[in-house]
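Participant: Below are the sequence and a predicted model for it; my questions follow.
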Amino acid sequence: MTLESRIREKLQSAFSPSLLEVVNESHLHRGHAGDNGTGESHFRVKVVSKSFSGLSRVAAQQMVYRVLEEDIKNGIHALSISVLAE
């Protein structure tokens, strides 16, 4: 399973989002710091979910970071997160 697929699966399971976008932007950072050569090091995610209702943007982003904590420690170099409540 690719890292992109794993990110998608974890976020879908944790938040049951009405909208989930996972974009691998690693090709834009090829040869830069943090490029581990796998082609899966830089990602952008957008999550729209009822799970974020009543939370600040920072609190909602922290929830995403917790779900992806292991992947961040073991492969994700950069992660851009956009979270919105339904």
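Facilitator: Yep, it's here.

Participant: quick one: the strands in the chain?
Facilitator: Taking DSSP state E as the test, the strands found in the chain are 19-24, 42-49, 78-85.

Participant: Quickly compare those and say which is most buried.
Facilitator: Scoring the strands of the chain by mean neighbour count under mean count of other Cβ atoms under 10 Å gives strand 42-49 as the most buried, with a mean of 20. The C-beta positions use only the backbone N, C-alpha and C, and glycine is treated the same way.

Participant: Packing partners of that one?
Facilitator: helix 3-15, strand 19-24, strand 78-85 (3 or more Cβ pairs under 8 Å, 6 or more residues apart in numbering; DSSP states H and E).

Participant: Give me the helices and strands touching the longest one, please.
Facilitator: When you say that, I think you mean helix 3-15. Contact analysis of helix 3-15 by 3+ Cβ pairs under 8 Å, 6+ apart lists strand 19-24, strand 42-49, helix 57-67, helix 69-73 as its packing neighbours.

Participant: residues of the last one that come out buried?
Facilitator: Judged by neighbour count (16 or more other Cβ atoms under 10 Å), helix 69-73 contains these buried residues: residue 71.

Participant: got a pLDDT number for residue 41?
Facilitator: Note for residue 41: predicted pLDDT of 79.

Participant: for it, phi and psi?
Facilitator: The phi/psi pair for residue 41 (degrees, to the nearest 10) reads phi -130, psi -20.

Participant: Pretty sure it sits against residue 78.
Facilitator: Yes - using Cβ atoms under 8 Å, residue 41 makes contact with residue 78 at a distance of 7.0 Å.
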